[in-house]
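1. show me the folded form of this:
(one chain, ligands or ions: 1)
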Amino acid sequence: DLKSDKEALLDFIAAVPHSRKLNWTSASSVCRSWVGITCSENESGGVLSLRLPGMGLSGPIPANTLGMMKALTIISLRSNGLTGSLPADIVSLPSLRYIYLQKNNFSGDIPSSLSVKLEIIDLSFNSFTGSIPSAVQNLTDLTGLSLQNNFLTGSIPVLKPPKLEHLNLSNNQLNGSVPISLQKFPASSFQGNTWLCGAPLNQCLYLTPSPSPSPSFLQPIPPPTYFPISPTASVPFPKSKRSLSTGSVIAIAVAASAGSLLLFLTIVLYCLKKPNVREGRIISKGKAFIIGRGVKPNTDSGSGVQEAERNKLVFFDDCPHNFNLEDLLRASAEVLGKGSYGTTYKAILEDGTIVVVKRLKDVAIGKKEFEQQMGTIGSIRQHQNVVSLRAYYYSKDEKLLVYDYIPIASLSTLLHGNQDSGITLDWVSRVKVSLGSAKGFAHIHSAAAGKLVHGNIKSSNILLTHDLDGCISDFGLSPLHGSAIIPLKSAGYRAPEVIVTKEATQKSDVYSFGVLLLEILTGKAPVQYPGHDDVVDLPCWVQSIVREEWTAEVFDAELIKYHDIEEEMVKMLEIAMTCVATLPEMRPNMQEVAELIEKIRTQDTTSRHSSEDNKSTP
Ligand SMILES: Nc1ncnc2c1ncn2[C@@H]1O[C@H](COP(=O)(O)OP(=O)(O)OP(=O)(O)O)[C@@H](O)[C@H]1O
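-> This next block holds a predicted model:
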């Protein structure tokens, strides 16, 4: 009943330090004035939900506190600093249906007895060890199970929850094969478990490790995913882990039979054949005349002036810059990153001009078509939300694009990177970036008689200007590869129909933009970033959460701390969900999306939510 619930909550909060004020006093009404509590309609029925996400809770939860609240159906303590083991009495509470404890630092085993009513379990991003409790098999109402990014070992129990829609067991140390009943889930649900195999992952060809592997090969090896390189962030690319694990792997293989050894080495070799990220990092640290290599105009090849003329930088009419290819070759350059279309450099010319140079790889079309596409990109370049392409260079061996340098960072770096820029992406800035980008995309879609698509919308292609406006880059590059296919590493943004048609359209751009909005709202990344292993099918994840839970469970913990923005966030979420409609014809067009976003900010709360204010918000 309510009285014993109140005692349990007071015991809990007395034992758990918290940095934000909760207003839980014994004199006040639990149901009416305590932060984070909702009660049953007739209050005497007790407390139904406890939601304290991002409240700065720290330390362990004592047993016999929350575990005494018999009517509790929802517990959300995500994004806090809770540690220690998870008391068994909490997860076995008879009425418990939703438990959200992600992004804490709980350790030890997941308790083995679970409330049979559980529908959603999210224990991701903790330090749980041991195996997945077999009691999960009995949860017939389970719709979502998120255990990613822990240190769980052992095999996956044969789960057959009839209603399970969302499953994420990635980035653990699970082994064995994926149970047949779970093979319908995507590879992202399982990746990052070195010893896991079978559909949707690779076939189970290799030797299964002994049941109690030595700690050295418990180190998780990251899945073969491309890691974009950020210029300043120290990329925690696990090179050392990889070589350590490779050593261990080989040690195991030596002990194995000759036949297994052969298979094993084949797999090791396969795993090592990945993008050479390390090379990019080393180069990105040094400043060198990188761009000059192999790009010099071929003036001494016999064809003389004519050849030099052919190899010159082609500027667009209203370009404010005044430099030539020689100047560019003399510029000092540093790698900003390696993308799907080539390597991107920041080049500083001798007169101090800074530009961005993209050195294209795998251009599949001839010079004429290339020039045509440049003309198309150049023709729409004048918009404050689209990065200006200033010039290009085409020769047989080198294709370069020269853009304006956009100084701050990409949206993905600000949302997910270990950035030290001191920039807080508060709600006002997130709406501004969303609106600016929507306008930029609408502008691109309206150009060239409405025939253009971006084809690669994602947060690393939204660059932020000094006044934190969104500026779109990487427009119109996919046709240079002979197709309008969204690059594989952007798969999290790809509309479902594109997988079949292999053709990006304006409507698939809208879908990708919807995923981008979800990323802005949730702070979750739909693709993998260094130090941020949260790979989520965002539309599917949001759909798995009932609408009433959106406010409590969907939004980025960074946003929850701001007041009076809940309604706006929900509106933005609704826009995002319309954009990610499965049927393309159900999605709005980009102009409509921009108009909808423009209407979100109903009141002028700018001053209340300015970055400065927000920095001081507890
Ligand atoms: N004009 C620019 N000004 C400043 N930074 C830029 C500019 N263009 C690209 N960057 C940054 O350079 C890095 C590499 O960009 P690039 O476009 O090569 O790869 P990507 O966006 O990560 O992947 P993809 O090629 O698939 O879009 C990214 O961090 C991006 O934010």
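2. Asn385 contacts Ser437, doesn't it?
-> Yes: using C-beta atoms under 8 Å, Asn385 is in contact with Ser437, at 6.4 Å. Where you see a C-beta, it was placed from the backbone N, CA and C, and this is true even at glycine.
3. and for those two, which residues touch both?
-> 470, 472 (C-beta atoms under 8 Å, 6 or more residues apart in numbering).
4. out of the two, which sits in the more crowded spot?
-> Ser437 (30 against 22; other C-beta atoms under 10 Å).
5. with just CA atoms, put the helix or strand hosting that one into PDB.
-> Assessed by DSSP states H and E, Ser437 sits inside helix 427-446. The C-alpha atoms that make up helix 427-446 are tabulated as PDB, following Å, rounded to 0.1, in the frame of the first residue of the first chain:
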ATOM      1  CA  TRP A 427      17.100  21.800 -27.000                       C
ATOM      2  CA  VAL A 428      17.100  25.200 -28.700                       C
ATOM      3  CA  SER A 429      20.200  24.400 -30.700                       C
ATOM      4  CA  ARG A 430      18.800  20.900 -31.600                       C
ATOM      5  CA  VAL A 431      15.700  22.500 -33.000                       C
ATOM      6  CA  LYS A 432      17.700  25.100 -34.800                       C
ATOM      7  CA  VAL A 433      20.000  22.400 -36.400                       C
ATOM      8  CA  SER A 434      17.000  20.300 -37.300                       C
ATOM      9  CA  LEU A 435      15.200  23.200 -38.900                       C
ATOM     10  CA  GLY A 436      18.300  24.500 -40.800                       C
ATOM     11  CA  SER A 437      19.000  21.000 -42.100                       C
ATOM     12  CA  ALA A 438      15.400  20.500 -43.200                       C
ATOM     13  CA  LYS A 439      15.500  23.800 -45.100                       C
ATOM     14  CA  GLY A 440      18.800  22.800 -46.700                       C
ATOM     15  CA  PHE A 441      17.400  19.500 -47.800                       C
ATOM     16  CA  ALA A 442      14.200  21.100 -49.000                       C
ATOM     17  CA  HIS A 443      16.300  23.500 -51.100                       C
ATOM     18  CA  ILE A 444      18.300  20.600 -52.600                       C
ATOM     19  CA  HIS A 445      15.000  18.800 -53.400                       C
ATOM     20  CA  SER A 446      13.500  21.900 -55.100                       C
END
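6. average pLDDT across it?
-> Averaging pLDDT along helix 427-446 gives 94.
7. indicate whether that helix makes contact with the ligand.
-> No: for a cut-off given as C-beta under 6 Å from any ligand atom, helix 427-446 has no contacts with the ligand; the smallest distance is 13.2 Å.
8. packing partners of the next helix or strand after that helix?
-> Where DSSP H and E defines the elements, the next helix or strand beyond helix 427-446 is strand 462-464. If you count contacts as 3 or more C-beta pairs under 8 Å, 6 or more residues apart in numbering; DSSP states H and E, strand 462-464 packs onto strand 409-410, helix 411-416, helix 427-446, strand 470-472.
9. for the residue in the chain that the ligand sits nearest to, give me phi and psi.
-> Going by C-beta to the nearest ligand atom, the ligand is nearest to Gly339 of the chain, at 2.2 Å. Reported as degrees, to the nearest 10, the phi and psi values for Gly339 are phi -110, psi -170.
10. quick check: which ranges of the stretch 501-618 of the chain have low pLDDT?
-> Scanning the stretch 501-618 of the chain for pLDDT under 70 picks out 527-536, 602-618.
11. ok, the stretch 201-350 of the chain next?
-> Regions of the stretch 201-350 of the chain meeting the criterion pLDDT under 70 cover residues 204-311, 317-321.
12. one step back: please identify the deepest-packed of the helices and strands packed on strand 462-464.
-> Counting by mean count of other C-beta atoms under 10 Å, strand 470-472 has the highest mean neighbour count of the helices and strands packed on strand 462-464, with a mean of 26.
13. that one near the ligand anywhere?
-> No: using C-beta under 6 Å from any ligand atom, strand 470-472 stays clear of the ligand, coming no nearer than 8.0 Å.
14. which is the next helix or strand following that strand?
-> Strand 470-472 is succeeded, C-terminally, by helix 496-501 (DSSP H and E).
15. then that following helix to PDB, C-alphas only?
-> The C-alpha coordinates for helix 496-501 follow below in PDB (Å, rounded to 0.1, in the frame of the first residue of the first chain):
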ATOM      1  CA  PRO A 496      13.500   0.000 -46.200                       C
ATOM      2  CA  GLU A 497      12.500   0.200 -49.900                       C
ATOM      3  CA  VAL A 498      16.100   1.200 -50.800                       C
ATOM      4  CA  ILE A 499      17.400  -2.200 -49.800                       C
ATOM      5  CA  VAL A 500      15.200  -3.600 -52.600                       C
ATOM      6  CA  THR A 501      15.300  -0.800 -55.200                       C
END
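16. next to the ligand, which bits of the chain? Give me the list.
-> Counting by C-beta under 6 Å from any ligand atom, the chain sits next to the ligand at 228, 230, 336-337, 339-341, 344, 356, 387, 403-406, 410, 456, 460-461, 463, 473-474, 487, 490.
17. give me the buried subset of the residues you listed.
-> Neighbour-count burial within the residues of the chain next to the ligand applies to 228, 230, 336-337, 339-341, 344, 356, 387, 403-406, 410, 456, 460-461, 463, 473-474, 487, 490; the criterion is 16 or more other C-beta atoms under 10 Å.
18. can you show me the strands along the stretch 251-400 of the chain?
-> 314-315, 332-339, 342-348, 354-360, 389-394, 399-404 (DSSP state E, counting those that start in this stretch).
19. could you say what helices and strands the fifth one packs with?
-> The criterion is 3+ C-beta pairs under 8 Å, 6+ apart, and the helices and strands that strand 389-394 contacts are strand 314-315, helix 367-379, strand 399-404.
20. next one: the fourth one
-> In this structure, strand 354-360 packs against strand 332-339, strand 342-348, strand 399-404, with contacts taken as 3+ C-beta pairs under 8 Å, 6+ apart.
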